[in-house]
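Trainee: Quick one: sequence and predicted model below, then my questions.
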Amino acid sequence: MLLNQFLILSAVLFSIGVYGVLARRNGVLVLMSIELILNAVNINLVAFGAFRASVGGEVFALFVIAVAAAEVGVGLAMVLLLYRNRRSIDLTLIDQLRG
Amino acid sequence: MTDALLLLAFQRPTIDWHGIAPELVLLTAGALITLVDIIFLEKARPFTAALAGLGLLATAVPLLTLAVDGTDRVMFDGAYVVDEFSLVVKAVFLLAGYVVVLLSTNYVAEGDYWENEYYGLLLASVMGMVMMASARDLVSIFVALELLSIPAYLMAAWRKRDLHSTEAGLKYYLMGVFASAVMLYGMSLLYGVSGSTLLSDIGTSVAAAGTSTAVITMGIVFIVAGFAFKVSAVPFHTWAPDVYEGAPTPVTAFLAVASKAAGFVALLALVFVGFYARSEVWEPLMWILAATSMTVGNLVALRQTNVVRLMAYSGIAQTGFMIAPLAVAGHGLSNGDQALSAVVTYLAIYTAMNLGAFAVIIALSRKTGSAEVSSFGGAFSYAPGLTVAMTIFLFSLAGIPPLGGWFAKFEVFRVLATAGEPWGYVLAAVGAVNSVIALYYYASLARRMWADDVPDGDHSPVLVTPSLVTALTLCGAVTLAFGVAPQLVARFTDVSLLALGG
């Protein structure tokens, strides 16, 4: 069965996501990059689940999807809060705490 | 795939109601607070803190009956386990949650921010920690981790109109979510290796693999890195000082103690039940995390001028001490169990002494209006009791007998020295040097409070509320008792994960 192709796809998605988190300055784009990583995880889980013929992977993927939705809800609220306070969602501008 | 799904006729799992009674009580208390908030709105404000405190105390009752009963309970095919280890760390989480409720009383209300929701979220987060203590399955560990983290992100950003708090919340959120995503990727790889999400199954197939394959190594590295974020170990610590400084101080205390302890509990379960056979992969990782956390944390703490940032870096250094026993834990059964008890002992004592230090900081900075080290000068002249308490907690953090901290450090050094391998001795030497560095900044903060002049000449007494006195008494009593009678804590923390791990 096609396991390697799925794993390569998920590794590429994971790498794009990590790059996005590290390089993007826009809050919403960082959130989207994190979603990419989580979807890479889901592809891995479902592919391994099918390969091993065990439902554990699919169940885990459902949990990841549900929890990711809650996380993004909180994340968007935070970005909105930042926009209300700063009129910008550029993450490089939040640098009041340092030392 | 549908075939496999169809074969699984749904069977209701047998539920051990006594085993999950603590979680149920906590859930009831949290739901009750939310309900009271919805029905009575602002009229409920004076009661929610008390309700949250009572809920946490009520949760301790089934915990005690379970401890008296003493049998290990395995639920949901081994995904959820109630054993000595989980009971001890659940008690630590409840104590930490209760002290944070005491510290938050009035503090959150002062800025006219939402109070009812705050306690609801706090209980939800404690619920996640209590679940984490029992989780022995990748899915339940993940759900518990998110249940404890998501409310914590919100609580860090609680002061909505304050830029510092928003910044703290956003930084904590982005770092935390990124770390858990990386950790999940590692989990998906380990699931692929074993075909099961149960930690004990993963342990079996990881051991059966003989040598370490690339996918096992990657999985372990990603998972350890994800939890290193959670416990703020160097090089994944950068969020901690910023978040601690910007968040409301009771929330900082909660993050610095409870959230960190929860990360450790998950790490312990994963290492001892899941990865134990692959010690050649995780031991060097733990060694590097421990050595760099101790050294970087202490050296940067030396030049901090803000007390909360100082506590953040001291917390990073303490994390290094807590990870240190894991660097030699993979050598034979008895040493593994000793390393586990050393970490649990350290966690229990660290919880008490660090919460106590934060309680004093909250009380003093409310009067001085700042958390700068210089503003704490001469605190003895107007708040002698608080200064004595702070000195006790600081010297305990530094590891001076007869305070609790010395026994925690002693256990770490004992495990490192009895492991009988050169790397253990080197790490013990690094730890010894760091203890001396740490004593310097803890003692200089204490010296300022005793000897310096009051910067603004304001000698008016500090407002000390009854809840603060209770919190200080609890933390102080635990710190002193565990230092004077270490066999007390050693009796509780003599736990094992390896027996169930097979």
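Mentor: Yep, that arrived.

Trainee: Buried residues of the helix or strand hosting B:Y350, list them for me.
Mentor: Using DSSP states H and E, B:Y350 sits within helix B:333-368. By neighbour count with 16 or more other CB atoms under 10 Å in any protein chain shown, helix B:333-368 contains the buried residues B:335-368. From N, CA and C alone the C-beta is placed, and that goes for glycine too.

Trainee: Low-confidence bits of the chain, can you list those?
Mentor: Unless you meant another one, I'm taking chain A. Within chain A, the stretches with pLDDT under 70 are A:1, A:98-99.

Trainee: my question was about chain B
Mentor: When the per-residue scores of chain B are filtered using pLDDT under 70, the ranges that remain are B:1-10, B:108-112, B:210-212, B:332-334, B:498-502.

Trainee: the strands in it, which residues?
Mentor: For chain B, applying DSSP state E gives strands covering B:73-75, B:80-82.

Trainee: Check which residues of the helix ranked longest in chain A are buried.
Mentor: Once chain A is assigned using DSSP state H, the helix that runs over the most residues is helix A:56-86. Of the residues in helix A:56-86, those buried by neighbour count under the rule 16+ other CB under 10 Å are A:56-58, A:60-61, A:63-64, A:67-68, A:71-72, A:74-75, A:78-79, A:81-82, A:85.

Trainee: Please apply the same query to stretch B:222-235.
Mentor: The neighbour-count criterion (16+ other CB under 10 Å) identifies B:222-234 as the buried residues of stretch B:222-235.

Trainee: got it, and stretch B:479-490?
Mentor: If you call a residue buried by 16+ other CB under 10 Å, then stretch B:479-490 has these buried ones: B:479-480, B:482-483, B:486, B:489.

Trainee: Tell me which of the residues you listed fall in helices.
Mentor: For these, membership in helices holds for B:479-480, B:482-483, B:486, B:489, with DSSP H as the criterion.

Trainee: Make a markdown table out of those and add distance to B:L154.
Mentor: A markdown table is the format used below for these (distance: CB to CB, whole Å):
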| residue | distance to B:L154 |
| --- | --- |
| B:T479 | 30 |
| B:L480 | 35 |
| B:F482 | 33 |
| B:G483 | 36 |
| B:P486 | 38 |
| B:V489 | 33 |
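
Trainee: Output stretch B:125-143 in PDB, but only the C-alpha positions, please.
Mentor: What follows is the C-alpha trace of stretch B:125-143 in PDB, where atoms were taken according to Å, rounded to 0.1, in the frame of the first residue of the first chain:
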ATOM      1  CA  SER B 125      -7.000  23.800  33.800                       C
ATOM      2  CA  VAL B 126      -6.600  21.900  37.100                       C
ATOM      3  CA  MET B 127      -8.900  19.200  35.700                       C
ATOM      4  CA  GLY B 128      -6.600  18.800  32.700                       C
ATOM      5  CA  MET B 129      -3.600  18.400  35.100                       C
ATOM      6  CA  VAL B 130      -5.500  15.800  37.300                       C
ATOM      7  CA  MET B 131      -6.300  13.900  34.100                       C
ATOM      8  CA  MET B 132      -2.700  14.100  32.900                       C
ATOM      9  CA  ALA B 133      -1.600  12.400  36.100                       C
ATOM     10  CA  SER B 134      -3.600   9.300  35.100                       C
ATOM     11  CA  ALA B 135      -3.200   9.400  31.300                       C
ATOM     12  CA  ARG B 136      -1.200   6.400  29.900                       C
ATOM     13  CA  ASP B 137      -2.300   6.800  26.300                       C
ATOM     14  CA  LEU B 138      -1.200   9.200  23.600                       C
ATOM     15  CA  VAL B 139      -4.800  10.400  23.000                       C
ATOM     16  CA  SER B 140      -5.500  11.000  26.700                       C
ATOM     17  CA  ILE B 141      -2.200  12.700  27.200                       C
ATOM     18  CA  PHE B 142      -2.900  15.000  24.300                       C
ATOM     19  CA  VAL B 143      -6.400  15.800  25.400                       C
END
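
Trainee: can it be found next to chain A?
Mentor: Yes - under the criterion of CB under 8 Å from any CB of the partner chain, stretch B:125-143 makes contact with chain A via B:138-139, B:142-143.

Trainee: Which one of the residues you listed sits in the busiest neighbourhood?
Mentor: Per-residue neighbour counts (other CB atoms under 10 Å in any protein chain shown) across the residues of stretch B:125-143 next to chain A peak at B:L138, which has 29 neighbours.

Trainee: That one touches B:M187, doesn't it?
Mentor: Yes - counting by CB atoms under 8 Å, B:L138 does reach B:M187; the two are 4.8 Å apart.

Trainee: got any residues that touch both of these two?
Mentor: Common neighbours of B:L138 and B:M187, counting by CB atoms under 8 Å, 6 or more residues apart in numbering or on different chains, are A:60, B:197.

Trainee: related to what we said a few turns ago, which of the strands of chain B sits most buried?
Mentor: strand B:80-82 (a mean of 25; mean count of other CB atoms under 10 Å in any protein chain shown).

Trainee: So what's the gap between that one and the chain middle?
Mentor: Strand B:80-82 has its C-alpha centroid displaced from the chain centroid by 19 Å (CA atoms, centre = their mean, to the nearest Å).

Trainee: and the gap between B:P486 and B:Y442?
Mentor: The gap separating B:P486 from B:Y442 is 21 Å, by CB to CB, to the nearest Å.

Trainee: cool, and B:T292?
Mentor: With distances defined as CB to CB, the gap from B:T292 to B:Y442 amounts to 21 Å.

Trainee: B:L57 too?
Mentor: Distance, B:L57 to B:Y442, by CB to CB: 32 Å.

Trainee: Please report the number of neighbouring residues for the nearest residue to B:V25 once chain neighbours are set aside.
Mentor: In space, and not counting its chain neighbours, B:V25 is closest to B:T59: 4.7 Å by CB to CB, 6 or more residues apart in numbering or on different chains. By the criterion of other CB under 10 Å, B:T59 has 28 neighbours.

Trainee: from memory B:G128 sits against B:A262, does it?
Mentor: Yes - using CB under 8 Å as the test, B:G128 is close enough to B:A262 to be in contact (7.2 Å).

Trainee: Can you work out which residues contact both of these two?
Mentor: In the contact map built from CB under 8 Å, 6+ apart, the residues linked to both B:G128 and B:A262 are B:144-145, B:148.

Trainee: out of those residues, which one sits closest to B:L102?
Mentor: Distance to B:L102, by CB to CB, is smallest for B:L148 among these, at 19.7 Å.

Trainee: So the closest one is in contact with B:V130, correct?
Mentor: No - the pair formed by B:L148 and B:V130 falls short of the contact definition of CB under 8 Å, at 9.0 Å.

Trainee: neighbour-wise, which of the two wins?
Mentor: Neighbours per residue (other CB under 10 Å) separate B:L148 from B:V130, with B:V130 holding more: 29 against 25.

Trainee: Skipping adjacent residues, who's closest to that one in space?
Mentor: Leaving aside its chain neighbours, B:V130 sits nearest to B:K90 (5.1 Å; criterion: CB to CB, 6+ apart).

Trainee: Enumerate every residue touching that neighbour.
Mentor: For B:K90, the set of contacting residues under the criterion of CB under 8 Å, 6+ apart consists of B:22, B:63, B:130, B:133-134.

Trainee: Of these, which pair is most distant in space?
Mentor: Longest distance between any two of the contacts of B:K90 is 11.5 Å, between B:L63 and B:S134; criterion CB to CB.

Trainee: is B:V74 in a bridge, and if so with what?
Mentor: Judged by DSSP bridges, the bridge partners of B:V74 are B:V81.

Trainee: How about the stretch 351-500 of chain B: which residue is closest to chain A?
Mentor: Sorted by distance to chain A under CB to the nearest CB, the residues of the stretch 351-500 of chain B start with B:E372, at 11.4 Å.

Trainee: Could you report the neighbour count for that residue?
Mentor: One way to gauge burial is a neighbour count; for B:E372, by other CB under 10 Å, it gives 16.
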